[in-house]
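*Asks:* what would the 3D arrangement of this be:
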Amino acid sequence: MKIRSATINDLEKIARAHKASIRELCRNAYDVESIEKWTAILVPKIYENAIKEKVVIVAEEKNEIPGFGILDVRNAELSALYVHPGYAGRGIGKEILSRLEAIALENRIGRLNLCSTINAFGFYQHHGYIECGKTFHDLPNGAKLECIKMYKPISKPRQQK
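*Replies:* Model (predicted):
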């Protein structure tokens, strides 16, 4: 598996992985109507601005995109991290998160913020993120998704002597 910067040629595959992740991995945390409204807005074109304005990386394996992540450097925010359910549990999310945290450090970000989906809360908590409140993510089509605000102070790992 290779982690690399996303390109415009990845849009379809990113959208496919994103939708599959939400439909399968979020189904026990959100109702069917919310998931349908959420995935309805995930057309390939919406990722274009992210690629132009933010840091978007993908995991690539055998010409497939099993996962992706988006870092908003300007706002010190992890905007997205999704793994296709067919690849869940293989460490892809951990690898993408680690890479985005390293990029954040390179950009002198000392605290990374995110809004976790209910189902991903344990993943982020396991990786050192701290809960700091509940919120709702308002989608353009009127859906409201309950999320958990989290943050993590990040710094370079200490060198072993």
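
*Asks:* just for this protein, where's the confidence low?
*Replies:* In the predicted model, the chain carries pLDDT under 70 at residues 156-161.

*Asks:* ranges for the helices of this protein?
*Replies:* For the chain, applying DSSP state H gives helices covering 11-25, 32-40, 46-53, 92-106, 121-126.

*Asks:* and of those helices, who's closest to His137?
*Replies:* Counting by C-beta to C-beta, His137 lies closest to helix 32-40 out of the helices of the chain; the figure is 9.0 Å. (Each C-beta comes from the backbone N, C-alpha and C, glycine too.)

*Asks:* contacts for stretch 62-77, please.
*Replies:* With C-beta atoms under 8 Å, 6 or more residues apart in numbering as the test, stretch 62-77 has contacts from 1, 6, 10, 13-14, 16-18, 50, 54-60, 78-84, 86-87, 92-93, 96-97, 99-100, 103-104, 107, 109, 111-114.

*Asks:* mind listing what's buried along that stretch?
*Replies:* Glu64, Ile65, Pro66, Gly67, Phe68, Gly69, Ile70, Leu71, Asp72, Ala76, Glu77 (16 or more other C-beta atoms under 10 Å).

*Asks:* columns mean neighbour count and distance to Cys147 on top of the helices of the chain, output as JSON lines?
*Replies:* Shown next, in JSON lines, are the helices of the chain (neighbours: other C-beta atoms under 10 Å; distance: least, C-beta to C-beta, whole Å):
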{"stretch": "helix 11-25", "mean neighbour count": "19", "distance to Cys147": "13"}
{"stretch": "helix 32-40", "mean neighbour count": "15", "distance to Cys147": "12"}
{"stretch": "helix 46-53", "mean neighbour count": "14", "distance to Cys147": "18"}
{"stretch": "helix 92-106", "mean neighbour count": "18", "distance to Cys147": "17"}
{"stretch": "helix 121-126", "mean neighbour count": "15", "distance to Cys147": "9"}
